[in-house]
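1. Need the 3D shape of this:
(one chain, ligands or ions: 2)
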Amino acid sequence: MDLEAVCKRSALHAKPQGLILQYGTAGFRTNAQHLDHIMFRMGLLAVLRSKQTRSTIGVMVTASHNPEEDNGVKLVDPLGEMLAPSWEEHATCLASAEEQDVRQVLAAIVEKEAEDLTQTAFVVIARDTRPSSEKLSQSVIDGVTVLGGQFHDYGLLTTPQLHYMVYCRNSGGRYGQATVEGYCQKLSKAFVDLTNQVSCSGDVKRSVKVDCANGIGALKLREMEHYFSRGLSVLLFNDGTQGRLNHLCGADFVKSQQKPPQGIEMKSGERCCSFDGDADRIVYYYCDADGHFHLIDGDKIATLISSFLKELLLEIGESVNLGVVQTAYANGSSTRYLEEVMKVPVYCTKTGVKHLHHKAQEFDIGVYFEANGHGTALFSEAVEVKIKRLAQELDDGKGKAARTLASIIDLFNQAAGDAISDMLVIEAILALKGLTVQQWDAIYVDLPNRQLKVKVADRRVISTTDAERQAVTPPGLQEAINDLVKKYTLARAFVRPSGTEDIVRVYAEANSQESADRLAYEVSLLVFQLAGGIGERPQPTF
Ligand SMILES: CC(=O)N[C@H]1[C@@H](OP(=O)(O)O)O[C@H](CO)[C@@H](O)[C@@H]1O
Ligand SMILES: [Mg+2]
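-> Ligands and ions are numbered 1, 2, ... in the order given. Sure, this is the predicted structure:
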């Protein structure tokens with residue numbers, strides 16, 4: 001490791017004095033102007049991680065659903081997962097080091113991780129469509145090359161596509177071919193195999209309207225469309241030709257505002273969905289005959305998927321342990337439905353997909369979704385091998401179910417939640433089951449809920465336990481929340497410091513919207529009073 005050369009190069013990507021950023025739930029994210037040094041240093045870190053794991057490591061330049069002027073970066077570990085927590089700490093240290101300390105921090109990481117520096121390193125890089133992304137990914141490449149790493153720049157990809165590429169490269173091609181074409185072919189083949197089973201009643205071609213948040217999803221869907229267009233027509237909106245990225249559109253906007261995005265025409269009963277800016281989240285929605293908007297979020301997606309998988313397993317007659325993983329933000333109705341009606345075990349983890357992903361890996365089949373639409377299903381290698389064998393061997397009804405399940409396994413992106421892959425899974429299931437979007441929505445009725453944000457001087461004064469559902473500090477806060485919750489019916493409320501914004505999040509649900517709104521407001525006031533609120537006191541929103 002030629003530290004002299006690294007330091008010289010680093011000076012060309014100088015860190016603004018005093019700027020401290022943390023590798024959070026979603027990597028580094030801030031205004032694109034402050035990220036050049038971070039990109040260079042993450043190039044360095046990716047090389048070290050690659051040497052240590054003797055695997056290809058991914059670097060994705062994106063800020064997902066943030067506004068267009070922001071950007072960000074995250075590293076992708078060998079099996080396509082999020083970076084290991086101990087390396088998140090290295091990332092934060094390296095990113096925060098003042099220029100003269102970079103050398104020392106690098107040396108410390110090398111020593112702590114007992115790196116064999118003679119190992120070769122390979123890094124794959126991709127970026128979203130933000131105007132700042134191209135230049136920033138060049139800075140990543142600069143970091144990779146100055147440490148002697150090899151790289152491949154995929155250019156524009158969705159975040160889950162990069163996760164897929166990393167997984168493919170480290171599985172010796174078992175998972176698929178590490179090219180855009182490989183990705184498109186794997187998913188499309190599975191989708192076409194599934195939809196070919198649907199008996200065509202009439203010649204009505206299925207179609208779905210997709211709000212692409214003016215992001216990379218539009219480009220990549222267009223690139224892929226012709227592979228599966230016989231089974232489904234996708235009508236793209238907010239495809240980036242006019243509007244701004246994530247502005248009044250996209251999955252995050254639709255979920256948090258509970259209203260349709262701008263720029264999409266919705267007719268009553270039409271199936272629509274929204275991707276976020278880097279296409280790793282998806283939510284569905286429709287308008288009913290009275291013009292009312294209905295959101296179908298990650299919880300209902302998880303329910304649709306897990307009930308379909310359970311039915312298939314029943315037909316195949318294999319006992320396989322299937323679990324669903326959610327966070328505290330999952331709607332109480334979804335948890336109740338999964339546990340009580342579907343009899344599926346449900347687990348709750350902390351917020352952030354890496355927590356859900358790891359929990360889901362404990363099952364033969366683990367389905368995980370955040371309420372905001374980020375999720376996928378994971379299949380253990382043993383289950384995948386068994387199902388694919390049964391699919392080939394059996395010729396009866398069981399064989400047919402096994403073939404369906406085998407195609408579904410291929411259709412999921414098991415490296416990360418993926419809007420394109422999830423959309424194709426959902427479209428295939430709806431087609432196979434002959435369900436309309438309204439019928440899907442009617443599986444259960446969401447409990448009315450409200451999310452609010454409270455500004456406090458230091459959000460770390462709130463600590464939590466029980467997968468973030470109980471506040472441990474400040475003292476008295478949880479007891480006070482419990483007293484409020486008791487006043488309402490079917491109510492639940494919790495607070496936690498956000499991992500991506502400088503705020504405390506408040507969540508409340510109850511049997512009516514008015515109660516959910518009132519409870520959320522009352523809990524916000526408690527947080528403001530007991531956890532050092534700053535600025536204006538929370539105001540009632542009802
Ligand atoms: C309530 C909520 O939606 N929280 C989001 C948000 O995390 P916070 O830690 O709540 O800021 O951003 C994460 C990264 O995108 C995402 O995984 C998570 O679901
Ligand atoms: Mg995203």
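2. Name the helix or strand for the closest residue to ligand 2 within the stretch 1-150 of the chain, please.
-> Closest approach between the stretch 1-150 of the chain and ligand 2, counting by C-beta to the ion: residue 64, at 3.2 Å. The way it works is simple: take the backbone N, C-alpha and C, and place the C-beta from them, glycine included. Element membership for residue 64, per DSSP states H and E: none, as it lies in no helix or strand.
3. how near is the closest residue to it other than its chain neighbours to ligand 2?
-> Spatial nearest neighbour of residue 64, excluding adjacent residues (C-beta to C-beta, 6 or more residues apart in numbering): residue 278 at 4.8 Å. Noted for residue 278: a distance of 4 Å to ligand 2, by C-beta to the ion, to the nearest Å.
4. Backbone torsions only: list them for the closest residue to residue 196 other than its chain neighbours.
-> Spatially, and ignoring its direct neighbours in sequence, residue 196 is nearest to residue 231 (7.5 Å; C-beta to C-beta, 6+ apart). Torsion angles at residue 231 (phi, psi; degrees, to the nearest 10) stand at phi -90, psi -20.
5. How about the contacts made by residue 504?
-> Going by C-beta atoms under 8 Å, 6 or more residues apart in numbering, residue 504 touches 453, 454, 455, 456, 459, 462, 495, 496, 497, 498, 527, 531.
6. What is the burial count for the residue lying closest to it once chain neighbours are set aside?
-> Leaving aside its sequence neighbours, residue 504 sits nearest to residue 454 (C-beta to C-beta, 6+ apart; 4.7 Å). By the measure other C-beta atoms under 10 Å, the count of residues near residue 454 is 23.
7. Give me the pLDDT for the residue nearest to residue 196.
-> You'll see residue 231 listed with a pLDDT of 85.
8. Can you give me the domain boundaries for the protein?
-> According to the TED database, the chain comprises the domains 3-156, 183-296, 298-417+437-442, 449-531.
9. need the residues of the stretch 301-450 of the chain near ligand 1, please.
-> By C-beta under 6 Å from any ligand atom, the part of the stretch 301-450 of the chain that sits against ligand 1 consists of 329, 351, 352, 353, 370, 372, 374.
10. Relative to ligand 2, which of the contacts of residue 504 is nearest.
-> Nearest to ligand 2 among these is residue 498, at 15.6 Å by C-beta to the ion.
11. where does that closest one sit relative to ligand 1, distance-wise?
-> Distance, residue 498 to ligand 1, using C-beta to the nearest ligand atom, to the nearest Å: 3 Å.
12. pretty sure residue 409 is in a helix, no?
-> Yes: read with DSSP: H, G, I helix; E, B strand; the rest coil, residue 409 is one of the residues of a helix.
13. show me what contacts it?
-> Contacts of residue 409 (C-beta under 8 Å, 6+ apart): 190, 379, 384, 387, 388.
14. Neighbour count added to those residues, as a markdown table?
-> Below are the contacts of residue 409 laid out as a markdown table (neighbours: other C-beta atoms under 10 Å):
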| residue | neighbour count |
| --- | --- |
| 190 | 22 |
| 379 | 25 |
| 384 | 18 |
| 387 | 25 |
| 388 | 16 |
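15. wait, what's in contact with the residue nearest to residue 196?
-> Residues in contact with residue 231, defined by C-beta under 8 Å, 6+ apart, are 191, 192, 195, 196, 206, 431.
16. Buried among these? Need that as a selection in ChimeraX.
-> Buried residues among these (16 or more other C-beta atoms under 10 Å), as a ChimeraX selection:
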select :191,192,195,431
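17. Could you measure from the residue nearest to residue 394 when sequence neighbours are not counted over to ligand 1?
-> With sequence-adjacent residues excluded and distances taken as C-beta to C-beta, 6+ apart, residue 394 is closest to residue 402, at 6.1 Å. According to C-beta to the nearest ligand atom, residue 402 stands 34 Å off from ligand 1.
18. now do residue 87
-> Residue 87 sits 18 Å away from ligand 1, going by C-beta to the nearest ligand atom.
19. Of the contacts of residue 231, which belong to strands?
-> Within the contacts of residue 231, no residue falls in strands by DSSP state E.
20. what does the protein put close to ligand 1?
-> By the rule C-beta under 6 Å from any ligand atom, the part of the chain lying against ligand 1 is 25-26, 64, 329, 351-353, 370, 372, 374, 498-501, 505.
21. Near ligand 2, which residues of this protein are found?
-> Proximity of the chain to ligand 2 (C-beta under 5 Å from the ion) is limited to residues 64, 276, 278, 280.
22. Model confidence for the residue of the stretch 101-250 of the chain at minimum distance from ligand 2, exactly?
-> Closest to ligand 2 within the stretch 101-250 of the chain is residue 159: 6.0 Å, counting by C-beta to the ion. We have a pLDDT of 98 for residue 159.
23. same deal with residue 148?
-> Listed pLDDT for residue 148 reads 95.
24. Could you give the number of residues near the residue lying closest to residue 39 once chain neighbours are set aside?
-> Nearest non-adjacent residue to residue 39, counting by C-beta to C-beta, 6+ apart: residue 139, 3.8 Å away. As a burial measure, residue 139 scores 22 neighbours (other C-beta under 10 Å).
25. Same check on residue 118?
-> Residues within reach of residue 118, counting by other C-beta under 10 Å, total 6.
26. wait, is it part of a strand?
-> No: according to three-state DSSP, residue 118 belongs to no strand; its state is coil.
27. So residue 217 is in contact with residue 419, correct?
-> Yes: under the criterion of C-beta atoms under 8 Å, residue 217 makes contact with residue 419 at 5.9 Å.
28. got a list of what the closest residue to ligand 1 within the stretch 51-200 of the chain touches?
-> Nearest to ligand 1, among the residues of the stretch 51-200 of the chain, is residue 64, at 6.0 Å (C-beta to the nearest ligand atom). By C-beta under 8 Å, 6+ apart, the contact set of residue 64 is 26, 29, 72, 159, 276, 277, 278, 280, 281.
29. and if you look at residue 508?
-> Residue 508 is in contact with 449, 450, 491, 492, 493, 516, 517, 519, 520, 523, counting by C-beta under 8 Å, 6+ apart.
30. which residue is nearest the centroid of this protein?
-> Per C-alpha atoms, centre = their mean, the C-alpha nearest to the average position across the chain is that of residue 374, at 3.6 Å.
31. Before we move on, what's the pLDDT of that one?
-> We have a pLDDT of 97 for residue 374.
32. any weak-confidence spans in the protein?
-> Applying pLDDT under 70 to the chain flags the ranges 199-204.
33. Find the nearest non-adjacent residue to residue 20, please.
-> Among residues not flanking residue 20 along the chain, residue 96 sits closest, at 4.8 Å (C-beta to C-beta, 6+ apart).
34. wait, the residue nearest to the centre of the chain sits on residue 301?
-> No: Residue 374 lies out of contact with residue 301 (C-beta under 8 Å); the separation is 10.0 Å.
35. can you pull out the helices in the stretch 351-500 of the chain?
-> Secondary structure of the stretch 351-500 of the chain (DSSP state H, counting those that start in this stretch): helices at 353-360, 381-393, 397-411, 419-433, 437-441, 477-486.
36. Could you do the stretch 1-150 of the chain as well?
-> So, for the stretch 1-150 of the chain - with DSSP H, counting those that start in this stretch - the helices run 3-11, 36-53, 85-96, 102-112, 133-146.
37. so which of the helices of the stretch 351-500 of the chain comes closest to residue 286?
-> helix 437-441 (4.8 Å; C-beta to C-beta).
38. Pull the residues that contact that closest one.
-> Here helix 437-441 has contacts from 269, 270, 271, 284, 286, 288, 294, 296, 300, 304, 430, using C-beta under 8 Å, 6+ apart.
39. cool, and stretch 529-536?
-> Contacts for stretch 529-536 (C-beta under 8 Å, 6+ apart): 454-459, 461-462, 474, 476-477, 480, 504, 527.
40. Same check on stretch 249-258?
-> Here stretch 249-258 makes contact (C-beta under 8 Å, 6+ apart) with 65, 211, 213-215, 238, 243, 246, 260-264, 274-277, 281-283, 285, 293, 295, 297, 371-373, 419, 451.
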